[in-house]
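Undergrad: Below is the sequence, then the predicted model.
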Amino acid sequence: MLLLGVGPAWAADKLPEVVTREATGEAAIVGGNVDRATREAKEAALREAVEQVAGVIISAQTLSANSQLISDQVFSHSSGYVRSYQVLSQSQEKGVVKVTVRAEVGTKELDRDLQAVQALVRRLAGRKLVILVQEQTIDDKGVTITSGVAATVLTEAFKRDGWTLVDPSFAAGKVRVASAVALGAVEAKEIGTLSKADYILYGTVAFRDAPADAMLLSGGGQRAAYPLTGDFDFGVFETSAGSQLAKVSGKLRSSVQDMSVQSREESAYNLLRAHSEEIVSPVRKAVLESLRAAEQNGNRLVLEVLGVADFASLQAFTRELPKWSAGVRDMAAPTLSGGRGRMDVTYLGTAAALAEQLEGKSFRGKKIAVTGVSGSTLEVTIGK
């Protein structure tokens, strides 16, 4: 994901405290409710004014690259940046209300929140996600067809969102994908170990033929298009602790523009692509909340220690750990098997940051070497 550091139009300390912009918003009149449409059009105009000022603070290219994250975190609260506004014009035509405003937008508050999004983007950078999905399409004769449409669409969507995607081929013959409720902490940790991913999107997508009315049948009674219905059921898991961060589920139904005249597979692709943000947005939100909590309370890391002679030595190593790194907040009871110790550590930072602090330290006169860092797992070896 691109960082919000492409370059401001002005330096933050030279920005005027208030920037004035004119903007227009539109909203459709639904159910004859003109007042509601007017209110929504005004809100859209104010949001457009805020977006214009954001474009003064950071580049349009940066806004485009991070549009969804900025929309979630900043533009959804546009009214909070508007100091005052004046409605310049209001019109109604063909069931649409159009409102034009002149708004005074406070730059300090907006700049502060854009910087906060920049920090979120940096924390997301490099996070690895694996998508494990069981997909099936049931045709009008009850025949079940499997394909990789859902995995393809979701991979495209999350790549656009800036994630590093892990190839799910590691799961072949090792992981059985089922409903998100079937995945527990142990299984999530195992998938994390196999995939080296930080997060898992795990679950099912099911498509079904929608009844074809007369308009969708050719003269010979064959389908002239492939309308589909369906549903999805996913869990979002953080692998180091094996915890479920969120559950994402919903219904799918083809609209006219989603229907393919070629195949069910193409219809499924179009349908899921049209609904992909319904899956991506909750995952993004859950991960960001998890990252914020980790900053305040610490990340759960797995620390593996090789070369310890016995359990007493491992316990002694555990007691030394907080002295080497002030970021260590908590440690679970260690385990030892075959000369390899293992413990869960709560740490204010990443596994890579803890690795830097441990590299070169000495334990009982022996050097500690970092011999592995992957995701939330850190491996150190005590010299002989």
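TA: Received the coordinates, thanks.
Undergrad: Show me this structure divided up by domain.
TA: 12-124, 128-296, 298-382 (automatic domain parsing).
Undergrad: got the ones you listed as JSON lines, with mean neighbour count columns?
TA: Where C-beta positions appear, they are placed from N, C-alpha and C, glycine not excepted. What follows is the domains of the chain, written out as JSON lines (neighbours: other C-beta atoms under 10 Å):
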{"stretch": "domain 12-124", "mean neighbour count": "17"}
{"stretch": "domain 128-296", "mean neighbour count": "17"}
{"stretch": "domain 298-382", "mean neighbour count": "17"}
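Undergrad: can I get the ones you listed in TSV with mean pLDDT?
TA: Putting the domains of the chain into TSV (pLDDT from 0 to 100) gives the following:
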stretch	mean pLDDT
domain 12-124	78
domain 128-296	76
domain 298-382	87
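Undergrad: Quick check: closest non-adjacent residue to A309.
TA: Nearest residue to A309 in three dimensions, chain neighbours excluded: G339, at 7.7 Å (C-beta to C-beta, 6 or more residues apart in numbering).
Undergrad: Pull the contacting residues for that neighbour.
TA: 306-309 (C-beta atoms under 8 Å, 6 or more residues apart in numbering).
Undergrad: Test my guess that V149 contacts L271.
TA: No: in this structure, V149 sits apart from L271 without contact. The criterion is C-beta atoms under 8 Å, and the distance is 9.0 Å.
Undergrad: And the spatially most central residue of the chain, how far from L252?
TA: Taking C-alpha atoms, centre = their mean, the centroid of the chain lies closest to R284, which sits 2.4 Å from it. Counting by C-beta to C-beta, to the nearest Å, the gap between R284 and L252 amounts to 20 Å.
Undergrad: And V133, by the same measure?
TA: With the distance defined as C-beta to C-beta, V133 ends up 14 Å from L252.
Undergrad: The chain: helices as residue ranges?
TA: Counting by DSSP state H, the chain has these helices, from start to end: 34-57, 60-65, 67-73, 107-124, 149-160, 185-195, 264-297, 311-324, 351-358.
Undergrad: Make TSV out of the ones you listed and add distance to A333.
TA: Shown next, in TSV, are those (distance: least, C-beta to C-beta, whole Å):
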stretch	distance to A333
helix 34-57	49
helix 60-65	45
helix 67-73	39
helix 107-124	30
helix 149-160	36
helix 185-195	17
helix 264-297	20
helix 311-324	9
helix 351-358	19
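Undergrad: Against R102, how distant is L88?
TA: Counting by C-beta to C-beta, the gap from L88 to R102 is 6 Å.
Undergrad: How about E156?
TA: Between E156 and R102 the distance is 40 Å, computed by C-beta to C-beta.
Undergrad: Ok, Q52 next?
TA: 12 Å.
Undergrad: and if you look at E187?
TA: For E187, the distance to R102 equals 57 Å [C-beta to C-beta].
Undergrad: Then A206?
TA: Following C-beta to C-beta, the distance that separates A206 from R102 is 50 Å.
Undergrad: beta partners of the closest residue to K159 other than its chain neighbours?
TA: Taking C-beta to C-beta, 6+ apart as the measure, K159 lies nearest to L165, with 6.0 Å between them; neighbours along the chain are not counted. According to DSSP bridges, L129 are recorded as the beta-bridge partners of L165.
Undergrad: Just to check, L165 is in contact with T155?
TA: Yes: taking contacts as C-beta under 8 Å, L165 lies within contact range of T155: 5.4 Å.
Undergrad: Can you check which residues contact both of the two?
TA: Both L165 and T155 are in contact with I131, where contact means C-beta under 8 Å, 6+ apart.
Undergrad: okay, stretch 310-329 in PDB with CA atoms only?
TA: Once side chains and other backbone atoms are set aside, the C-alpha atoms of stretch 310-329 remain, and they are given as PDB (Å, rounded to 0.1, in the frame of the first residue of the first chain):
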ATOM      1  CA  ASP A 310      17.500 -27.900  30.400                       C
ATOM      2  CA  PHE A 311      14.300 -26.400  31.700                       C
ATOM      3  CA  ALA A 312      16.100 -24.500  34.500                       C
ATOM      4  CA  SER A 313      18.300 -22.800  31.800                       C
ATOM      5  CA  LEU A 314      15.200 -21.900  29.800                       C
ATOM      6  CA  GLN A 315      13.500 -20.300  32.900                       C
ATOM      7  CA  ALA A 316      16.700 -18.300  33.500                       C
ATOM      8  CA  PHE A 317      16.600 -17.100  29.900                       C
ATOM      9  CA  THR A 318      13.000 -16.100  30.400                       C
ATOM     10  CA  ARG A 319      13.900 -14.000  33.500                       C
ATOM     11  CA  GLU A 320      16.600 -12.200  31.500                       C
ATOM     12  CA  LEU A 321      14.400 -11.300  28.600                       C
ATOM     13  CA  PRO A 322      12.700  -8.200  30.100                       C
ATOM     14  CA  LYS A 323      16.200  -6.800  31.000                       C
ATOM     15  CA  TRP A 324      17.300  -7.100  27.300                       C
ATOM     16  CA  SER A 325      14.100  -5.500  26.000                       C
ATOM     17  CA  ALA A 326      11.900  -2.900  27.800                       C
ATOM     18  CA  GLY A 327       9.100  -3.600  25.300                       C
ATOM     19  CA  VAL A 328       8.400  -7.100  26.800                       C
ATOM     20  CA  ARG A 329       5.100  -6.800  28.700                       C
END
